[in-house]
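Chemist: How does the following fold in three dimensions:
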Amino acid sequence: MAASEGSKVERLCRYIARPVIVLERLPLNHRGQVLYRLKKPSDDVTTAIVMSPMELMKRLAALVPRPRVHLTRFSGVFAPHYKYRSLVVSKPHKAYPLSNEDELRPIKTRLPWARVLKRVFTIDVESCHLCEANRPAYKCALNVLSPDRD
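Modeler: Next up, the predicted model:
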């Protein structure tokens, strides 16, 4: 999707920013119970569900997955211990041995904050635009604040 497609971008942003629970459908009744209004009537023509606030919290807590548990569970042929799984699922590729010691060094993935500022906001903090010196701008600022410093 291109940035020029404004209506599609707006629709995507509205979709992403929508709340998980629509609060307009969760009013409290006169007894202090939560009245959850359904979007469409169910098969038995129920239009709302009445529950206590604690019961609502229990139902919401049941939807939260346990920590450190895979969210996708496979059954049948794709189950981890199925005896014919190897016939269906492809094997992982073998890793090739490294030949050079330079390749063994870890790859640095984080950029310095100054380079990130320059790349994202086009702010160059590594050179001073006031005195046009090739030194960090914060050092020039420190010299302005206290001239005896360098």
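
Chemist: How about residues contacting stretch 22-31?
Modeler: Val34, Leu35, Tyr36, Arg37, Leu38, Lys39, Val50, Leu56 (CB atoms under 8 Å, 6 or more residues apart in numbering). Backbone N, C-alpha and C define where each C-beta goes, glycine included.

Chemist: what's around Ile49, how many residues?
Modeler: 14 (other CB atoms under 10 Å).

Chemist: Distance check, the residue most central in space within the chain against Glu10.
Modeler: When CA atoms, centre = their mean is applied to the chain, the residue found nearest the centroid is Ile16 (11.1 Å). From Ile16 across to Glu10, the span is 11 Å (CB to CB, to the nearest Å).

Chemist: I'd like to know how many residues surround the residue nearest to Ala48 when sequence neighbours are not counted.
Modeler: Computed as CB to CB, 6 or more residues apart in numbering, the closest residue to Ala48 that is not its neighbour in sequence is Arg37, at 4.8 Å. If you count neighbours by other CB under 10 Å, Arg37 ends up with 12.

Chemist: need the helices for the protein, in chain order.
Modeler: Secondary structure of the chain (DSSP state H): helices at 6-17, 53-63, 85-88, 113-121, 137-145.

Chemist: can you list the weak-confidence ranges in this structure?
Modeler: Within the chain, the segments meeting pLDDT under 70 span 1, 95-108, 129-150.

Chemist: could you pull out the strands for it?
Modeler: Taking DSSP state E to define them, one finds strands in the chain at 34-37, 48-51.

Chemist: Show me the one of the helices of the chain that comes nearest Val77.
Modeler: helix 85-88 (5.1 Å; CB to CB).

Chemist: ok so, going back, okay, the strands of the chain, which one's buried deepest?
Modeler: Comparing those on average neighbours per residue, with mean count of other CB atoms under 10 Å, the densest one is strand 34-37 at a mean of 15.

Chemist: name the helices or strands packed onto that strand?
Modeler: Judged by 3 or more CB pairs under 8 Å, 6 or more residues apart in numbering; DSSP states H and E, strand 34-37 is in contact with strand 48-51, helix 53-63.

Chemist: returning to that earlier point: please convert the strands of the chain to TSV, extending it with distance to Val20.
Modeler: As requested, the strands of the chain are exported to TSV (distance: least, CB to CB, whole Å):
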stretch	distance to Val20
strand 34-37	14
strand 48-51	17
